[in-house]
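In: just coords:
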């Protein structure tokens, strides 16, 4: 293992894009196929069919701070602006639509669409022959204080809201999500990152910030064949096996 000076990798926030482009990224045919595969197509003709429910849930993710009705208005603004007749559901109807749709279509849609986006000529995504990817986590997502959430995620600190930990594997440069997992904050970053290691391969260079340098985790990443570059924690004292001309040195951590 070669150890160089400390550095930081920041993946940054994910850009949500524009609602007007949702159907370009997610065409009707794809959404309909996912609904059919997950057996979530409506059984009778409705003002709010299942296809609409998928786009509504995606719009909720783009505008998490507003209520159902305002999200609906943002979703349909272009249609009403063009003079088309649009349904005006109540908040309860939109809530029922969300519950009727469930989680399976969205999970399947993520499985279909997740993965690297960069083409060979895309700038800023490769270091030599390697595609650069990085682990990026978040532990500050608050959940509704429901009985089921408290049972799974545990109560928040000092009686606050339950908290969710999200870990993603992201293609740097494009910020495309390659994989994502989540769960209680009690499990820790490397525990969740291990569940994403099957996405790695010899053609990748993995970047991460400090906190991912546990011996067993480094060995597990090394076993995927991927190269990796990351910060070490300040209390690490790596042995200097051989100094190199550029100021870095060869060392060993655990079995790597």
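Out: Cool, got the structure. Quick caveat: nothing in here was measured; it's all calculated off a predicted structure.

In: Where does residue 205 sit, in terms of helix or strand?
Out: For residue 205, the host element (DSSP states H and E) is strand 204-208.

In: Sort out which residues of the next helix or strand after that strand are buried, please.
Out: Remark: after strand 204-208, the chain's next helix or strand is helix 215-223, criterion DSSP H and E. Neighbour-count burial for helix 215-223, with 16 or more other CB atoms under 10 Å as criterion, is recorded at 217-218, 220-222. To be clear about C-beta, it is placed using only N, CA and C from the backbone, and glycine gets the same treatment.

In: Turn these into a markdown table, columns for pLDDT.
Out: Formatted as a markdown table, the buried residues of helix 215-223 follow (pLDDT from 0 to 100):
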| residue | pLDDT |
| --- | --- |
| 217 | 94 |
| 218 | 93 |
| 220 | 95 |
| 221 | 96 |
| 222 | 95 |
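
In: now the residues you listed as a markdown table including distance to residue 153?
Out: What follows is the buried residues of helix 215-223, written out as a markdown table (distance: CB to CB, whole Å):
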| residue | distance to residue 153 |
| --- | --- |
| 217 | 23 |
| 218 | 28 |
| 220 | 25 |
| 221 | 27 |
| 222 | 32 |
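
In: mind giving me the domain ranges of this protein?
Out: Domain assignment of the chain by the TED database yields the ranges 12-113, 126-251.

In: mean pLDDT lowest for which of those?
Out: Ranked on mean pLDDT, the bottom entry among these is domain 12-113, at a mean of 84.

In: Run through the residues that contact the nearest residue to residue 255 once chain neighbours are set aside.
Out: Nearest residue to residue 255, sequence neighbours excluded (CB to CB, 6 or more residues apart in numbering): residue 219, at 5.1 Å. Applying CB atoms under 8 Å, 6 or more residues apart in numbering, we find residue 219 in contact with 254-256.

In: the strands in the stretch 51-200 of the chain, which residues?
Out: For the stretch 51-200 of the chain, the strands defined by DSSP state E, counting those that start in this stretch cover 126-127, 130-142, 163-171, 176-184.

In: Select, out of those strands, the one closest to residue 114.
Out: Nearest to residue 114, of all those, is strand 176-184, at 5.2 Å by CB to CB.

In: Now do the SS call for the closest residue to residue 215 other than its chain neighbours.
Out: Spatial nearest neighbour of residue 215, chain neighbours left out: residue 254 (3.1 Å); criterion: CB to CB, 6+ apart. Taking DSSP: H, G, I helix; E, B strand; the rest coil as the rule, one finds residue 254 in the coil state.

In: Could you give the number of residues near residue 254?
Out: Here the number of neighbours of residue 254 (other CB atoms under 10 Å) works out to 13.

In: And residue 212, by the same measure?
Out: Counted with other CB under 10 Å, the neighbours of residue 212 add up to 21.

In: Repeat that for residue 36.
Out: 12.

In: Likewise for residue 87?
Out: Neighbour tally, residue 87, other CB under 10 Å: 11.

In: just to revisit the earlier point, distance of the residue nearest to residue 215 relative to residue 210?
Out: 16 Å (CB to CB, to the nearest Å).

In: just residue 194 next, same as before
Out: Applying CB to CB, the value for residue 194 to residue 210 is 17 Å.

In: And stretch 148-157, what's buried?
Out: Across stretch 148-157, burial judged by 16+ other CB under 10 Å covers 149, 153, 156.

In: The residues you listed in helices, which ones?
Out: Judged by DSSP state H, helices contain the following of those: 149, 153.

In: In contact with residue 117, which residues?
Out: Residue 117 makes contact with 171, 174, 176 under the criterion CB under 8 Å, 6+ apart.

In: go with 10 Å
Out: Residue 117 makes contacts with 125, 171, 173-178, as judged by CB atoms under 10 Å, 6 or more residues apart in numbering.

In: Can I have the buried ones of the residues you listed as a PyMOL selection?
Out: Selection of buried members from those for PyMOL, criterion 16+ other CB under 10 Å:
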select buried, resi 125+171+173+175+176+177+178
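
In: State the helix or strand in which the closest residue to residue 54 other than its chain neighbours lies.
Out: Nearest non-adjacent residue to residue 54, counting by CB to CB, 6+ apart: residue 31, 5.1 Å away. Using DSSP H and E, residue 31 maps to helix 28-37.
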